[in-house]
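*Asks:* Sequence and predicted structure below; questions after.
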Amino acid sequence: MEPTPNPFSTPEQLARFDSELAKVVARYPADRKAAAMIPALRLCQDVLGWVPPEAMALCAQRLEVPPARAREVATFYIMLHTERPGRHVLDLCTNVSCSLRGAERLLAHLEKKLGVRAGHSTPDRRFTLREAECLASCGTAPAMLVDERFYESLTEAKLDQILAEQA
C-alpha cells in the first residue's frame, strides 16, 4: 500500500491535525468515524488555508474511507476550498431573493472593482470572489460572506466599505 502524502509543511502541523482529529472522531461511534469527514477537512483547511488533494487523501486514510469519498465531500461544500483562495474569500449570494434585490449589479460592481470575474482571485491574491447559491438571508438580501463574517442589506457603498476594511 502506498503511503499517504503529508500535506503539512511541519511535523507540528501534522501532530496538531492528528490531535484535533482524534478529539473529533471520539464524538462518533467507532463504526461511524467516516461521518467526521467535514470536520476533518475543515481541520486541514484551518492549518493549510485550503484543502489540497494530499489533505483529502490524508483525511480519507485517517477515517478509513476511499480517497474518492473525501474528494466528493470537499468539492460539494462551498465552505471547503479545494483551490488555494486569496487572503479574503468573498461569497456573494446570487440566489432568487438576493437577485431580486440587486445581487447581479453588486456582483458586477465587485468584479469591476477587483478586476476579476467571479470564481477567480485577484492577481495579488488578496481577494477571491465567488457566487454563493444561498446564504439563507432572504429577508435581509442581498447578503455576502467575507471569510466567515456575514454581511446583509448590501449596497455598492457598503461593499466598498467592506473591501476597504480588509487590509
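*Replies:* It's in.
*Asks:* CA only for contacts and neighbour counts going forward, please
*Replies:* OK.
*Asks:* Which residues belonging to the longest helix seen in the chain are considered buried?
*Replies:* The single longest helix within the chain, with elements called by DSSP state H, is helix 11-25. Residues 14, 17, 18, 21, 24, 25 are the ones in helix 11-25 that count as buried (16 or more other Cα atoms under 10 Å).
*Asks:* closest to residue 49 among those residues?
*Replies:* Nearest to residue 49 among the buried residues of helix 11-25: residue 17, at 13.1 Å, using Cα to Cα.
*Asks:* does that closest one really touch residue 46, like I thought?
*Replies:* No: look at residue 17 against residue 46 with Cα atoms under 8 Å: they stay out of range, at 9.3 Å.
*Asks:* The host helix or strand of residue 113: what's the following helix or strand?
*Replies:* According to DSSP states H and E, residue 113 maps onto helix 103-114. On the C-terminal side of helix 103-114, the closest following helix or strand by DSSP H and E is strand 120-121.
*Asks:* who touches that following strand?
*Replies:* Contacts of strand 120-121 with the rest of the structure, by Cα atoms under 8 Å, 6 or more residues apart in numbering, involve 85, 86, 127, 128, 129, 130.
*Asks:* Of those residues, which pair is most distant in space?
*Replies:* Most distant of the contacts of strand 120-121, by Cα to Cα, are 86 and 130, 11.1 Å apart.
*Asks:* Have a look at those two and say which one is more surrounded.
*Replies:* More crowded of residue 86 and residue 130, by other Cα atoms under 10 Å: residue 130, with 22 against 19.
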